[in-house]
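J.: show me how the following folds:
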Amino acid sequence: MEELQETNWIDEMIQREAIPKAARQGTTGDFCKKWGITESTYYYQSSKEENQKKSLKIALMLAKKKAPEVLEKLADQAGLGKEKSIEMFLDYVLELSKNLDIKSGGEPLQIKIIRDGNQDDKIIPATG
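T.: Next up, the predicted model:
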């Protein structure tokens, strides 16, 4: 039963470490009192590479959930002409484009340009 309790506090600590410090409930001391452990034990476990990897994985999942909302707000700010927002948004787009493969079967994708139903529509290769 004691091992189950130890696992529970370590799992809780991993979850806690994945959240930004400003958003955490209570202090580390409060957490330790709740679980009946010393702060040195907490810090020892939180500094273990395996636990840091787990916390990082959770933190990335949390960030991934928020990314579309943040990106939308960033795009809105960029649209208002805020220079830093424009720079950050364009940097994001550049990094994203480096990680996307816009080819199909080794051939560039074809994009059809439609302008107001005009019969002179063109098909052009996409460039990456």
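
J.: all the helices of this protein, in order from the start?
T.: All helices of the chain, identified by DSSP state H, fall at 2-17, 28-35, 39-47, 49-79, 83-98.

J.: got CSV for these, with mean pLDDT too?
T.: Below are the helices of the chain laid out as CSV (pLDDT from 0 to 100):
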stretch, mean pLDDT
helix 2-17, 81
helix 28-35, 96
helix 39-47, 97
helix 49-79, 90
helix 83-98, 78
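
J.: make JSON lines from these and add mean neighbour count to it.
T.: Glycine gets a C-beta too; all of them are placed from N, C-alpha and C. Output for those, formatted as JSON lines (neighbours: other Cβ atoms under 10 Å):
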{"stretch": "helix 2-17", "mean neighbour count": "14"}
{"stretch": "helix 28-35", "mean neighbour count": "14"}
{"stretch": "helix 39-47", "mean neighbour count": "14"}
{"stretch": "helix 49-79", "mean neighbour count": "13"}
{"stretch": "helix 83-98", "mean neighbour count": "12"}
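
J.: residue 28 is in contact with residue 38, correct?
T.: No. With contacts counted by Cβ atoms under 8 Å, residue 38 stays clear of residue 28, the gap being 10.6 Å.

J.: thanks again, I'm all set now.
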